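Colleague: have a look at this prediction, sequence included:
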Amino acid sequence: GENVEQHPSTLSVQEGDSAVIKCTYSDSASNYFPWYKQELGKRPQLIIDIRSNVGEKKDQRIAVTLNKTAKHFSLHITETQPEDSAVYFCAAKGNTGKLIFGQGTTLQVKP
Amino acid sequence: EAQVTQNPRYLITVTGKKLTVTCSQNMNHEYMSWYRQDPGLGLRQIYYSMNVEVTDKGDVPEGYKVSRKEKRNFPLILESPSPNQTSLYFCASTTGGLGTGELFFGEGSRLTVL
């Protein structure tokens, strides 16, 4: 079945450094790739998404890149701040209604 | 205010006692879905619905039922709960029947089955 692998499971960076989280997916029909941020005790919220006809998308300090050939996509956060500390989930969706999430990455930004 | 509302937020129950977790959205969204969140496993989809009377299994549907009789409501039913269903449950919705778009999540329902 469809699968999304996310790495690393935990990531610790110094404030101001960059953070990169990577995901690979198995379903070659996947065409929508969102990223969600979940702060402690809160619900997940969308931070950025990309569709299969685009290779890269940026929104201020965050960017997502997609490599359809290799079936992987990545989240890049630049100039990290303590409020970026959270759990981040990638996800992939194909032509069905299923949205498959990765296992999550706990990002800690140390002041 | 646009929102997804789940009830109850917290529940402790015993094995075998049927329970229903309600989910309601006021955004006229076609797509609704249930997820469970467990440490190290991320968010796993239980069931989803692309529109009224249309439901389908996600990755972990065993032990759960759903119904979509009205557009705004998508209850999750545990007919005979077991301890392995202890988890944090999220309901979510988005516009468009395919579910391609921002998912709006409820606040979550923490269920403990003893």
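Modeller: Thanks, I have the structure now.
Colleague: only C-alpha atoms from now on, for both contacts and neighbour counts.
Modeller: Noted.
Colleague: check which helices and strands the biggest strand by length in chain B is in contact with.
Modeller: When chain B is parsed with DSSP state E, its longest strand is strand B:42-51. Packing partners of strand B:42-51 (3 or more Cα pairs under 8 Å, 6 or more residues apart in numbering or on different chains; DSSP states H and E): strand A:99-101, strand B:31-38, strand B:54-57.
Colleague: looking at these, spot the one closest to residue B:87.
Modeller: Among the helices and strands packed on strand B:42-51, the nearest to residue B:87 by Cα to Cα is strand B:31-38 (6.1 Å).
Colleague: and chain A, which of its residues are near chain B?
Modeller: Counting by Cα under 8 Å from any Cα of the partner chain, chain A comes close to chain B at A:32, A:42-46, A:89, A:93, A:95-104.
Colleague: which ones are touching residue 17?
Modeller: By default, I'm working from chain A. A:78-80 (Cα atoms under 8 Å, 6 or more residues apart in numbering or on different chains).
Colleague: actually chain B
Modeller: Each residue near residue B:17 by Cα under 8 Å, 6+ apart is listed here: B:79-81.
Colleague: returning to what we had before: so of the contacts of residue A:17, which ones are in strands?
Modeller: Per DSSP E, those never map to strands.
Colleague: ok, and the most crowded of the residues you listed?
Modeller: residue A:80 (22 neighbours; other Cα atoms under 10 Å in any protein chain shown).
Colleague: ok, that one touching residue A:20?
Modeller: No. Using Cα atoms under 8 Å, residue A:80 is not in contact with residue A:20, being 10.7 Å away.
Colleague: which of the contacts of residue B:17 are buried?
Modeller: The neighbour-count test (16 or more other Cα atoms under 10 Å in any protein chain shown) marks residue B:81 as buried among these.
Colleague: hang on, the earlier thing: tell me the angle the longest strand of chain B makes with strand B:31-38.
Modeller: Relative orientation of strand B:42-51 versus strand B:31-38 (axes from the mean of the first three to the mean of the last three Cα atoms, to 10 degrees): 160 degrees.
Colleague: what mean pLDDT does strand B:42-51 have?
Modeller: The pLDDT scores in strand B:42-51 average 94.
Colleague: what about the strands in chain A?
Modeller: A:4-7, A:10-14, A:19-25, A:32-38, A:45-51, A:56-59, A:62-67, A:72-77, A:86-93, A:99-101, A:105-110.
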